[in-house]
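A.B. asks: from the sequence below, what's the structure:
(chains A and B)
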2 protein chains.
Amino acid sequence: MIEERLYVVTYDIADEKRWRRVFKLMHGYGRWLQLSVFQCRLTARRRVELALRLEEIIRTDHDHVLILDLGPADKIDPRVESLGKTFQPVQRSAVVI
Amino acid sequence: MIEERLYVVTYDIADEKRWRRVFKLMHGYGRWLQLSVFQCRLTARRRVELALRLEEIIRTDHDHVLILDLGPADKIDPRVESLGKTFQPVQRSAVVI
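C.D. replies: I've put the predicted structure just below:
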């Protein structure tokens, strides 16, 4: 069986249009946790594919994506606790000043 | 030895002043990874203490904090990859529209 690893992907995207494109892309690769945070189970190939597709969208001088490789997916089971606002899939538009 | 667990804490804070207070607080509990993401090794007591102090700062109707419990700290060693902008401790002010 091809090994899957567990990743947390979080991003800070300066432009609203690009933010939405990343958000849409990420839905195809993992589970949405919070406005800019996804949890993903990925094979090595899918992981490379995701990074390439993210790099096609983001502006490297303005945006920032963090990919945390947590380890083998079947050994890690993150527990998620949330403080504050409950989740809504609201379209957040951040304007960086 | 008291067990420490590894956490990723990420937050979406609507107001600049609160954002900075959370950012400052988090520095006392973990390692800064990206603008709104910290990695923390915490005992159960420190973890409760952090959640209480965060709840004193945030506005539960506007802000959102996610605490991911990844597991025993000595068993998890996340590898961090970053795409895009290199880290700078810039003060980002997000205005949520």
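A.B. asks: now do the contacts for the closest residue to residue A:78 other than its chain neighbours.
C.D. replies: Excluding the flanking residues, the one nearest residue A:78 by Cβ to Cβ, 6 or more residues apart in numbering or on different chains is residue B:68, at 4.7 Å. To be clear about C-beta, it is placed using only N, CA and C from the backbone, and glycine gets the same treatment. If you count contacts by Cβ atoms under 8 Å, 6 or more residues apart in numbering or on different chains, residue B:68 has them with A:8, A:33, A:78-81, B:7-10.
A.B. asks: and those residues as JSON lines, adding neighbour count?
C.D. replies: Listed next are the contacts of residue B:68 as JSON lines, based on neighbours: other Cβ atoms under 10 Å in any protein chain shown:
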{"residue": "A:8", "neighbour count": "24"}
{"residue": "A:33", "neighbour count": "19"}
{"residue": "A:78", "neighbour count": "18"}
{"residue": "A:79", "neighbour count": "11"}
{"residue": "A:80", "neighbour count": "14"}
{"residue": "A:81", "neighbour count": "13"}
{"residue": "B:7", "neighbour count": "26"}
{"residue": "B:8", "neighbour count": "24"}
{"residue": "B:9", "neighbour count": "25"}
{"residue": "B:10", "neighbour count": "24"}
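A.B. asks: so which of those is the closest to residue A:45?
C.D. replies: Taking Cβ to Cβ as the measure, residue A:45 lies nearest residue A:8 of the contacts of residue B:68, at 19.2 Å.
A.B. asks: distance from stretch A:13-33 to the middle of the chain?
C.D. replies: Put simply, stretch A:13-33 sits 7 Å off its chain's centre (Cα atoms, centre = their mean, to the nearest Å).
A.B. asks: distance between the ends of that stretch?
C.D. replies: 17 Å (Cα to Cα, to the nearest Å).
A.B. asks: run through the helices of chain A in chain order.
C.D. replies: A:16-27, A:44-57 (DSSP state H).
A.B. asks: any chance of the ones you listed in a markdown table, with mean pLDDT too?
C.D. replies: Shown next, in a markdown table, are these (pLDDT from 0 to 100):
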| stretch | mean pLDDT |
| --- | --- |
| helix A:16-27 | 96 |
| helix A:44-57 | 96 |
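A.B. asks: out of those helices, which gets nearest to chain B?
C.D. replies: helix A:44-57 (5.8 Å; Cβ to the nearest Cβ).
A.B. asks: the closest one: which residues count as buried?
C.D. replies: A:46-47, A:50-51, A:54, A:57 (16 or more other Cβ atoms under 10 Å in any protein chain shown).
A.B. asks: which stretches of chain A form strands?
C.D. replies: Using DSSP state E, the strands assigned to chain A run over residues A:5-12, A:31-34, A:37-42, A:64-72, A:79-84, A:94-96.
A.B. asks: which of these has the lowest mean pLDDT?
C.D. replies: Within the strands of chain A, the stretch with the lowest mean pLDDT is strand A:94-96, showing a mean of 51.
A.B. asks: which residues does residue A:6 bridge with?
C.D. replies: Counting by DSSP bridges, residue A:6 forms beta bridges with residue A:41, residue A:71.
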